[in-house]
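>>> Could you look at this predicted model? Sequence included:
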Amino acid sequence: MHLILLGAPGSGKGTQASRIVSELGYLHVSTGDLLRNEIRKESELGKRVSAVINSGQLVDDSLVLELLKANCTLEDNVYIFDGFPRNIEQAKALDNKVLTGHQSKAIYFKLDLGLLTERLVNRRMCKDCGAIYNLVSKAPKKSGVCDNCNSSNLYQRPDDHEDTVKNRLQVFSDTINPVLEFYEGKGDLVVVDASQGADDVFGHIKGQIQG
Ligand code: AP5
Ligand code: MG
């Protein structure tokens, strides 16, 4: 059963994906991580999408779909899709062009959007291993150093500045409802209370996965 993580920017998709990978053995594919990787490499694609991401808007659907398809092999693996789909067109494309013949469950991280700006502006990420921190709720043990790989390359995502966060939350509000209706209509939607602490959210997800 593949998992599709749906939720606002900062709702905890990446945090939970990393626990599901390490404790339950899934593979993680995040379209945001794939796009940021293209920007880091300064590829043609990276140059095309960088301004769009840093303004908080969505990248072109077909471009992201191709990137996703190029980075997952469904035959022998069970995936967590993080950050895809973002709109109803992507939800249908995931269903028809990627997950054909495969079972999946969509997990919606539900919480009040008002809580998210503080989470996002305080997020720091490790450039080397991708570990996710928060200056308020999950600070690294040694300031500026990754607990996981000891790197000193902790950074703030350019789209985590307050103005861009506002745009990202607005884009999310404008696009999510048809996506939720789509998965609800298929009987594949599970809702978790993402305002709880990360351990409780994980416990709920684990219960849903293991039935
Ligand atoms: P993407 O990278 O997917 O970002 P996002 O969806 O905006 O989500 P985030 O990664 O910001 O948040 P998250 O839910 O993973 O939260 P996290 O666990 O890190 O996309 C970025 C951009 O790329 C998009 O804006 C768009 O431009 C483009 N893009 C990507 N996919 C696309 C697509 N399919 N189509 C078109 N464009 C696309 O946690 C956040 C913070 O909260 C952390 O500091 C964490 O420590 C903390 N935290 C987590 N859980 C908890 C908790 N339970 N309690 C307290 N704090 C918590
Ligand atoms: Mg994320």
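Sure thing, it's come through. Ligands and ions are numbered 1, 2, ... in the order given.

>>> List the buried residues for the longest helix seen in the chain?
The helix that spans the most residues within the chain, counting by DSSP state H, is helix 162-186. Using 16 or more other C-beta atoms under 10 Å as the test for burial, helix 162-186 gives 164-165, 168-169, 171-172, 175-176, 179-180, 182-183. Every C-beta, even on glycine, is put in place using the N, C-alpha and C of the backbone.

>>> with the residues you listed in mind, which one is nearest to N77?
Y183 (21.4 Å; C-beta to C-beta).

>>> Excluding sequence neighbours, find me the nearest residue to the residue in the chain that ligand 1 sits nearest to.
Closest contact between the chain and ligand 1, by C-beta to the nearest ligand atom, is at G32 (1.8 Å). When the adjacent residues along the chain are set aside, G32 lies closest to G83, with 4.6 Å between them (C-beta to C-beta, 6 or more residues apart in numbering).

>>> pLDDT at that neighbour, what is it?
For G83, the pLDDT comes out at 97.

>>> I88 too?
Checking the pLDDT column for I88, the value is 98.

>>> Now for it, how many residues are close by?
16 (other C-beta atoms under 10 Å).

>>> repeat for N134
The local packing of N134 (other C-beta under 10 Å) involves 18 other residues.

>>> and if you look at D112?
Neighbours of D112 using other C-beta under 10 Å come to 9.

>>> Now do the SS call for the closest residue to it other than its chain neighbours.
Once flanking residues are discounted, D112 sits nearest to S195: 6.7 Å by C-beta to C-beta, 6+ apart. Counting by DSSP: H, G, I helix; E, B strand; the rest coil, the backbone at S195 sits in coil.

>>> S195 and I20, how far apart?
Separation of S195 from I20 (C-beta to C-beta, to the nearest Å): 19 Å.

>>> Compare the two (neighbour count), which wins?
Ranked by neighbour count (other C-beta under 10 Å), S195 and I20 place I20 first, with 22 against 14.

>>> all helices of the chain, in order?
In the chain, the segments counted as helices under DSSP H are 13-24, 31-41, 44-55, 61-70, 88-93, 116-121, 162-186, 198-210.

>>> Mind listing residues that contact the first one?
When contacts are defined by C-beta atoms under 8 Å, 6 or more residues apart in numbering, helix 13-24 is touched by residues 3, 5, 7, 26-28, 30, 32-33, 80, 82-83, 109, 130-132, 198, 201-202, 205-206, 209.

>>> can you list the residues of the chain near ligand 1?
When proximity is defined by C-beta under 6 Å from any ligand atom, the chain lies next to ligand 1 at 7, 9-15, 30-32, 35, 52-53, 56-59, 64, 83-84, 86, 90, 119, 123, 132-134, 137-138, 159, 168, 197-198, 201.
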